[in-house]
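Student: Here is the input, now give the coordinates:
(2 chains)
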Number of protein chains: 2
Amino acid sequence: MKKAAMREKMLASVRTRISHSGVNAIRARDVALDCGCAVGVIYNIFEDLEDLILTVSGEYFAELDTLIASHAGYLGEETAEENMMRLARAYYEYARDNPREWGAIFYFRIDMALHIPEWHGKYMPRLLGYIERPIETLAPNTSKSEVNRLSRTIFSSMHGLCALSLKGYRSGVNEKEMAKSIEFLVQGFCAQISREAKQLQSA
Amino acid sequence: MKKAAMREKMLASVRTRISHSGVNAIRARDVALDCGCAVGVIYNIFEDLEDLILTVSGEYFAELDTLIASHAGYLGEETAEENMMRLARAYYEYARDNPREWGAIFYFRIDMALHIPEWHGKYMPRLLGYIERPIETLAPNTSKSEVNRLSRTIFSSMHGLCALSLKGYRSGVNEKEMAKSIEFLVQGFCAQISREAKQLQSA
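Tutor: Model (predicted):
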C-alpha cells in the first residue's frame, strides 16, 4: 500500500476509535491491527502515536472551526447579543453531540498544555476571533488586546459551563437547564461589555 | 507502629508527594518507602491507593471549604456583589497558590466523575451554598432550585476561567489580567441576576 493511502487508513482508524472509546483508549497495536500492518509502519509515517492522534485532533478542531464559523456572521437583523448567543449554543451543541471528538480537541494530553502543537496555535485564535467580532460591535472603542482578553474570559466561562455539565460533575448544570444558563451568561456578558464601554466613553 | 499512627504517616506522605509532584505521580511503592513499611501495609489500612489519595483530596477540600467560608459572611456594609467578588477572588487565589492541591480536589481521576466519592458529596453543595447567599440577596423571590442552578452556572464559569488560565492554555486569560476578568464576570453575573429578578417581579 502506498504511504499516502496507509496514512489515510491510520487516520480513519484513530477517528473510529476516538468516536467509540475516546482518545485515551488508543493503542498503537490496535491501530496497526485495523490497518493490517506492523506497529513499526506507524512510525514510518508519523513521528509517534501522539503525532498521529494530534493530527486527528487537528481535523476535529478544523471541523469545529467550520461549524462555529457558520454561526459567526451577522445575518439579517441579528444583534451582537443574538450572534454571541448562537456561537455559545453551537459550541455547547458540538460538545454535547460529539463528546469524544470535543475531548480529543481539548483534553488530549492535558499536561502538554505548555507545549501546544502547531495546529492548536492556528485554530484557537480563530475560535476567539469569532467571539471578538460581537464584542467589537458592543464596545467599538476598546483596544484590540482588551477585546482579546474579553474573548478569552467569555470562552473560558462557556467552556467551563460545558465541561462541568457534560462530564456529569455535581458542580455542573443539569443538561436540561443548560439553555437557560447559556442565556444567563451571554446576556450578562453582553450587558457588562456595553456598560464598561459606556463608562470608558464618559471617563 | 499502631494502625492510627501509620495511617497518619501515609496521609502525610501523600500530602508531601502531591505538593511536590502532583496527584498523578503517586505510586504505592513510594508511599511504602516513605513510611518504612511493605506495600501490603497500605491495603491493611486503606481499601486501595485511590482510597488513600481520595482521603487526602477530601482534606484539601475541607481546607478550601474553611478558606471560602471565611470570605462568605456579610461583613460590615458589604454588598452582595462585593461578597461574591471576594468569594471569586479567594477561589482563584487558592487555585493559583495551591495548584497541585486544587488539582487533587478537582482533577484526580477525572473519569470517576460519575462515581463521586462521599466526601465530594458533602463539600460541593457547601461550596455552591456560599454563592447561593449573595444570589438570594440579589434575587429574593427566586426559587431554591433556580438559585442553585445560578450558583452552578457561576461556579462553572469561574472554575473554567481559573482552569484555563492556570493550566497555561492559549485560550486562557493571562495571569496578570485575571483580576480584571474576575471583576468583569462577577459584575456581569450580579447585574444579570438583578435584571432577571426585576423582570420576574414585573411579570
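Student: Now do the helices in chain A.
Tutor: A:3-21, A:28-35, A:39-45, A:49-69, A:80-97, A:99-106, A:118-138, A:144-166, A:178-202 (DSSP state H).
Student: What residues sit buried inside the last one?
Tutor: By neighbour count with 16 or more other Cβ atoms under 10 Å in any protein chain shown, helix A:178-202 contains the buried residues A:178, A:180-193, A:195-197. Backbone N, C-alpha and C define where each C-beta goes, glycine included.
Student: about what we covered before: from the helices of chain A, pick the one with the highest average neighbour count.
Tutor: Mean neighbours per residue, mean count of other Cβ atoms under 10 Å in any protein chain shown, is largest over these for helix A:144-166, with a mean of 23.
Student: of all the helices of chain A, which lies closest to residue B:96?
Tutor: Closest to residue B:96 of these is helix A:144-166 (Cβ to Cβ; 14.5 Å).
Student: which other helices and strands contact the closest one?
Tutor: helix A:80-97, helix A:99-106, helix A:118-138, helix A:178-202, helix B:144-166, helix B:178-202 (3 or more Cβ pairs under 8 Å, 6 or more residues apart in numbering or on different chains; DSSP states H and E).
Student: Reformat these as CSV; add distance to residue B:83.
Tutor: Putting the helices and strands packed on helix A:144-166 into CSV (distance: least, Cβ to Cβ, whole Å) gives the following:
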stretch, distance to residue B:83
helix A:80-97, 27
helix A:99-106, 32
helix A:118-138, 28
helix A:178-202, 18
helix B:144-166, 13
helix B:178-202, 10
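Student: Select from those the stretch with the lowest mean pLDDT.
Tutor: Lowest mean pLDDT within these: helix A:118-138, at a mean of 89.
Student: Find the nearest non-adjacent residue to the residue in chain A that chain B sits nearest to, please.
Tutor: Residue of chain A nearest chain B, by Cβ to the nearest Cβ: residue A:160 (1.7 Å). Excluding its sequence neighbours, the residue lying closest to residue A:160 (Cβ to Cβ, 6 or more residues apart in numbering or on different chains) is residue B:160, at 1.7 Å.
Student: Pretty sure that neighbour sits against residue A:157.
Tutor: Yes. Applying Cβ atoms under 8 Å, one finds residue B:160 in contact with residue A:157, separated by 5.4 Å.
Student: sorry, back to before: check the buried residues of helix A:178-202 one by one and keep those near chain B.
Tutor: A:180-181, A:184-185, A:187-189, A:191-192, A:195-196 (Cβ under 8 Å from any Cβ of the partner chain).
Student: In those residues, find the pair that's most separated.
Tutor: A:180 and A:196 (24.5 Å).
Student: Tell me who's in contact with the nearest residue to residue A:108 once chain neighbours are set aside.
Tutor: Closest residue to residue A:108 apart from its sequence neighbours, by Cβ to Cβ, 6+ apart: residue A:23 at 4.8 Å. Counting by Cβ atoms under 8 Å, 6 or more residues apart in numbering or on different chains, residue A:23 makes contact with A:53, A:57, A:100, A:103-104, A:107-108.
Student: measure residue A:23 to residue A:169 for me?
Tutor: 19 Å (Cβ to Cβ, to the nearest Å).
Student: before we move on, what about residue A:200?
Tutor: 37 Å.
Student: Can you verify my assumption that residue A:100 contacts residue A:18?
Tutor: Yes. Under the criterion of Cβ under 8 Å, residue A:100 makes contact with residue A:18 at 5.3 Å.
Student: who's in contact with residue A:21?
Tutor: residue A:100.
Student: scratch that, residue A:6 is what I was asking about
Tutor: Counting by Cβ under 8 Å, 6+ apart, residue A:6 has contacts A:35, A:37, A:41, A:45.
Student: Please dump the residues you listed into TSV; it should also carry distance to residue A:4 and pLDDT for every row.
Tutor: Formatted as TSV, the contacts of residue A:6 follow (distance: Cβ to Cβ, whole Å; pLDDT from 0 to 100):
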residue	distance to residue A:4	pLDDT
A:35	13	97
A:37	14	96
A:41	13	96
A:45	9	96
